[in-house]
Structure formats: C-alpha cells, structure tokens
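1. take a look and give me a structure for this.
(chains A and B)
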Amino acid sequence: SQQGEEDPQALSIQEGENATMNCSYKTSINNLQWYRQNSGRGLVHLILIRSNEREKHSGRLRVTLDTSKKSSSLLITASRAADTASYFCATSPSGYKYIFGTGTRLKVLA
Amino acid sequence: EAGVAQSPRYKIIEKRQSVAFWCNPISGHATLYWYQQILGQGPKLLIQFQNNGVVDDSQLPKDRFSAERLKGVDSTLKIQPAKLEDSAVYLCASRSPGRVDYGYTFGSGTRLTVV
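-> Residues are numbered from 1 along each chain as shown, chains lettered A, B, ... in the order given. The predicted structure is shown next:
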C-alpha cells in the first residue's frame, strides 16, 4: 500500500521558476526522504528530514515537514531543464523500512 | 564509490516463463532491497535483506517470486512463472547502516516486459 501521496501528480513550469511539490502521509514517521528519478533510471536520494526537524536545505532544495499535518513539501528554486524528472517522497515509521509515494512528474521548459 | 549494479538492463519474456535478475550492491552495504515499480507508480518494496538474512518479505508474492542473497553480497530475484502483471522495473537498492542520512543508493533497474 502507498503511504505517501504526492501532489500535484504533474507539474510543468518555465526554467528559472520555482517548483513546489507536496507529500502527505498517513501514519507517524521517524523520518522522510525525497528522491528524484530521471526517465528510465533508478532513484537518486536528494534529502532526508527527521521527524524532529521542520526545515532542511540542500543547494537549491528546501524541504519542510509538518508532522501535525502529516505533510512535507519540496521546493526547487530557480529550476533548470535538468530538473525534469519524477520526484518521490518516502516515509518510514521506524527509519528502517521506507514506503514510497506515487510521485510528482516535473517538467521544466527551457 | 561504485554504484549498485543490476543486470540485465532489459528483459522480454512470455507469460509462464521464468526470469532472474541480479544485483551487486555497494561494497560494505549490509542492507539490500528489491523494489517493484509499475509504470506510473512509486516503487513498492518486495524484500529486504540484512547481510544474507531476510528482514521483511511481507509483500513478496511467494508463490512465484523468490530472492536470495548468498554470502551477504550479491542478490538474485527470480520470478517463476511470470504473469502479465509482473511487467515493471525491478530496482535494487542498498544502504550502509551507519549512513542513514544518505538514504538508499539505487541501481538503474531491470525493465521486465511480459508478453
């Protein structure tokens, strides 16, 4: 079963704009991760945020976590064509086994 | 460090045939996972190994799927007999227990088409 659900399912923006995607989950978590998947490739780990953290940054990525709302958001600033990919959140109640969401397909237009 | 290696990259088989996928994780990564990703969906965990022991195989269809990890290194996932609904990308991932913040490292996957 899917624990996380990303929103929107698909997003199309112009290069240079910011992209925001959201993840909602159902049960309490130990931490939450975001992954990127380019077409036909495996997933690449982007960032992990622990349940006691509210915000985390990595380069052009900003992740927030609201455990009271059981939701997280991923913001990509100043997007580039190379950011075109599917983005997945993965949650874990234990930090041990992760369940992936359904993904957001991001298309950045040059 | 070298990545997670998977082979073959693509496989097309007829239903009721058998197929096997191979994964070589990153050296030293004790934890290994097999995921199934159906087109348009997120990856679904099939089985998790810790060294050569199975930690979680609750979502593995054991009537047709099997997996092993001999000597706690390479792993093989087998499907016998295959069904049309097994068409998917099979992803292998590994993780070092001491580097949780780095997440999983995934291989490029094996795309299986069952016709």
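
2. ends of stretch B:36-49, how far apart?
-> Start-to-end span of stretch B:36-49 (Cα to Cα, to the nearest Å) is 15 Å.

3. contacts for that stretch, please.
-> A:2, A:4, A:43, A:88, A:97-103, B:31-35, B:54-57, B:59-60, B:65, B:67, B:69, B:72, B:75, B:77, B:87-91, B:109 (Cβ atoms under 8 Å, 6 or more residues apart in numbering or on different chains). From N, CA and C alone the C-beta is placed, and that goes for glycine too.

4. tell me the first helix or strand C-terminal of the helix or strand of chain A with the lowest mean pLDDT.
-> Lowest on mean pLDDT, DSSP states H and E among the helices and strands of chain A sits strand A:4-7, with a mean of 82. Using DSSP states H and E, the helix or strand that follows strand A:4-7 in sequence is strand A:10-14.

5. tally of neighbours for residue 67?
-> Looking at chain A here, since you left the chain open. Neighbour count of residue A:67, defined by other Cβ atoms under 10 Å in any protein chain shown: 15.

6. hm, I was asking about chain B
-> Residue B:67 has 22 nearby residues by other Cβ under 10 Å.

7. what parts of chain A come near chain B?
-> A:2, A:4, A:31, A:33, A:35, A:40-45, A:48, A:88, A:95, A:97-103 (Cβ under 8 Å from any Cβ of the partner chain).

8. and the residues you listed, which of them are buried?
-> Buried subset of those (neighbour count, 16 or more other Cβ atoms under 10 Å in any protein chain shown): A:2, A:4, A:31, A:33, A:35, A:41-43, A:45, A:48, A:88, A:98-103.
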